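S.K.: Starting from these lines, generate the structure:
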Amino acid sequence: MTPTTASAAPGDATAPAGPGLADRTAGCLVGAAVGDALGGPVEGWTPEAIAERYGGRVRGIVEPFHRGEWRTARPIAPYHKGDGHVTDDTLMTHALIRVYDRVRDHLDSYAVAAHLVPDLMGTPRWIPELEAEALPLQRIFLAEKWIVARLHYGHVDPREAGVGNIVNCGAAMYMAPVGAVNAGNPEAAYAEALDVAGAHQSSYGREAAGVFAACVAAAFAPGATPESVVEAALAVAKDGTRAAVEAVCEAAAGCTDFEEALAPLRAAVEPYDTVGPDYRNPSLGARRPSRLHAIEELPVALGMLLVGRGDYRHTVLGAVNYGRDCDSIATMSGAIVGALGGAAAVPGEWAGEVASASRLDLLAPAATLTEVAREVFRRDVARRRAHEAAFGALAEAS
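M.R.: Numbers count the residues shown, from 1 in each chain. Below is the predicted model:
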């Protein structure tokens with residue numbers, strides 16, 4: 001489903017409304033989960049290795065890269081990636097939604113300490129890749145375990161807890177809910193995500209979290225398009241992140257098919273990526289703070305968004321076949337294109353298979369987040385009116 005291009009700016013009263021809040025929220029979260037599940041089995045590989053393993057480009061849900069040997073093929077990550085299983089990207093996204101459900105208002109880094117960390121440590125949940133109930137803490141990557149070590153055990157100021165962590169997409173990958181709660185307001189989403197992500201990431205990892213949340217918020221705006229989402233990203237992005245988004249999106253503008261975009265997008269982001277050409281063997285300068293660099297995942301997700309022109313399959317399959325950290329790239333691009341087009345944009349057969357294989361209700365979190373977003377908006381309106389009244393009284397008194 002391709003979003004309608006409006007002559008008016010996104011968010012204007014004259015722009016066609018398109019899908020409503022609940023529909024876009026469902027599209028966003030289901031789109032993110034499906035992208036995650038499609039990208040999981042080929043994470044870490046090159047486009048060439050992916051094509052060789054599967055006899056061509058991945059076109060849907062596939063089995064694990066190592067087939068039945070997935071438990072021992074990579075001892076550092078003995079997870080059942082593939083067969084429709086979501087990864088930690090979706091587990092963390094749903095965990096953040098549970099925090100919103102508890103707080104019923106905007107979040108900050110202190111909410112991560114007070115609610116997200118206990119959720120990860122204390123409540124067993126079904127973990128698709130482990131095929132068992134376990135604490136989410138036992139599945140998430142080391143960069144996410146960092147928030148537990150720093151906040152629960154180290155009692156670090158939540159606003160500074162992300163400092164010292166490896167700089168990666170760990171915080172950005174689950175920031176879609178922040179964009180949904182701030183639907184239509186990219187600047188507010190950016191600011192809130194930066195605060196939330198401060199407990200997890202620093203430098204360009206934290207910046208990516210803010211920009212991704214802004215992109216999701218922009219995708220909710222009536223009349224939004226892939227181009228308007230990129231414009232919103234560039235309006236808030238700073239330093240190397242902004243430069244990387246510009247470079248990748250410029251390269252994407254000349255591509256009409258994801259197959260032809262794979263090499264140009266990688267070439268465009270490479271000067272800003274610290275990991276290096278071999279994703280499984282990062283360079284010595286990888287993932288260190290810098291104002292000159294950017295995580296690879298967000299710029300490539302936005303590039304594939306432009307290549308896909310609002311079509312979910314084309315966008316997300318481009319992200320999946322890109323390889324490297326493609327489950328997170330597909331999570332981000334899937335969230336954005338799902339928000340643009342609503343739930344109908346996400347292929348129903350993929351969503352159904354992912355929900356069944358992962359034993360997850362993909363729509364329930366969307367319903368919860370929609371309810372929270374409406375409640376938060378009412379709070380925002382009341383707060384704004386109180387501020388207007390106070391400022392008006394002060395202005396009149398002067």
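S.K.: Which parts of the stretch 1-150 of the chain are helices?
M.R.: Assigned by DSSP state H, counting those that start in this stretch, the stretch 1-150 of the chain shows helices spanning 21-39, 47-54, 70-73, 88-103, 109-111, 117-122, 142-148.
S.K.: now swap in the stretch 151-300 of the chain and tell me
M.R.: For the stretch 151-300 of the chain, the helices defined by DSSP H, counting those that start in this stretch cover 176-181, 186-197, 203-219, 226-236, 239-252, 258-269, 297-308.
S.K.: any chance of those helices in JSON lines, with mean pLDDT too?
M.R.: As requested, the helices of the stretch 151-300 of the chain are exported to JSON lines (pLDDT from 0 to 100):
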{"stretch": "helix 176-181", "mean pLDDT": "98"}
{"stretch": "helix 186-197", "mean pLDDT": "98"}
{"stretch": "helix 203-219", "mean pLDDT": "98"}
{"stretch": "helix 226-236", "mean pLDDT": "98"}
{"stretch": "helix 239-252", "mean pLDDT": "98"}
{"stretch": "helix 258-269", "mean pLDDT": "98"}
{"stretch": "helix 297-308", "mean pLDDT": "98"}
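S.K.: And these: which comes nearest Leu96?
M.R.: Closest to Leu96 of the helices of the stretch 151-300 of the chain, according to C-beta to C-beta: helix 176-181, at 5.0 Å. Where you see a C-beta, it was placed from the backbone N, CA and C, and this is true even at glycine.
S.K.: Report the backbone C-alpha coordinates of the closest one in PDB.
M.R.: The C-alpha trace of helix 176-181 is given here as PDB (Å, rounded to 0.1, in the frame of the first residue of the first chain):
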ATOM      1  CA  ALA A 176       8.900   3.200  17.700                       C
ATOM      2  CA  PRO A 177       6.500   3.500  20.700                       C
ATOM      3  CA  VAL A 178       7.900   6.900  21.500                       C
ATOM      4  CA  GLY A 179       7.100   8.100  18.000                       C
ATOM      5  CA  ALA A 180       3.500   6.700  18.300                       C
ATOM      6  CA  VAL A 181       2.800   8.500  21.600                       C
END
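S.K.: Any idea how far apart the tips of stretch 319-334 sit?
M.R.: 9 Å (C-alpha to C-alpha, to the nearest Å).
S.K.: Pull the distance from it to the chain's centre.
M.R.: Put simply, stretch 319-334 sits 10 Å off its chain's centre (C-alpha atoms, centre = their mean, to the nearest Å).
S.K.: looking at the helices of the stretch 151-300 of the chain, which is closest to Ala95?
M.R.: Among the helices of the stretch 151-300 of the chain, the nearest to Ala95 by C-beta to C-beta is helix 176-181 (9.7 Å).
S.K.: Output the contacting helices and strands for the closest one.
M.R.: If contacts are counted by 3 or more C-beta pairs under 8 Å, 6 or more residues apart in numbering; DSSP states H and E, helix 176-181 sits against helix 21-39, helix 88-103, helix 186-197, helix 203-219, helix 326-341, helix 364-397.
S.K.: if we look at it, which residues are touching it?
M.R.: Helix 176-181 has contacts (C-beta atoms under 8 Å, 6 or more residues apart in numbering) with 24-25, 28-29, 32, 93, 96-97, 100, 106-107, 186, 189, 192-193, 196, 212-220, 331-332, 335, 339, 369-370, 372-373, 376.
S.K.: How much space separates the closest residue to Glu246 other than its chain neighbours from Cys215?
M.R.: What sits nearest to Glu246 in space, not counting adjacent residues and going by C-beta to C-beta, 6 or more residues apart in numbering, is Leu234, at 6.6 Å. Applying C-beta to C-beta, to the nearest Å, the value for Leu234 to Cys215 is 10 Å.
S.K.: the more surrounded of the two?
M.R.: Cys215 (33 against 16; other C-beta atoms under 10 Å).
S.K.: How much space separates the more buried one from Ala199?
M.R.: Look at Cys215 and Ala199: by C-beta to C-beta, they are 21 Å apart.
S.K.: follow-up on the earlier one: tell me which of the helices and strands packed on helix 176-181 sits most buried.
M.R.: Mean neighbour count (mean count of other C-beta atoms under 10 Å) peaks for helix 326-341 among the helices and strands packed on helix 176-181, with a mean of 33.
S.K.: so what does it touch, helix or strand wise?
M.R.: Helix 326-341 sits against helix 21-39, helix 88-103, helix 176-181, helix 203-219, helix 226-236, helix 297-308, helix 312-322, with contacts defined as 3+ C-beta pairs under 8 Å, 6+ apart.
S.K.: In the helix or strand just after it, which residues are buried?
M.R.: Using DSSP states H and E, the helix or strand that follows helix 326-341 towards the C-terminus is helix 348-358. Residues Trp350, Ala351, Glu353, Val354, Ala355, Ala357, Ser358 are the ones in helix 348-358 that count as buried (16 or more other C-beta atoms under 10 Å).
S.K.: For helix 348-358, give me every contacting residue.
M.R.: Outside helix 348-358, the residues within contact range by C-beta under 8 Å, 6+ apart are 30, 33-34, 37-38, 60-61, 83-86, 90, 126, 128, 360-362.
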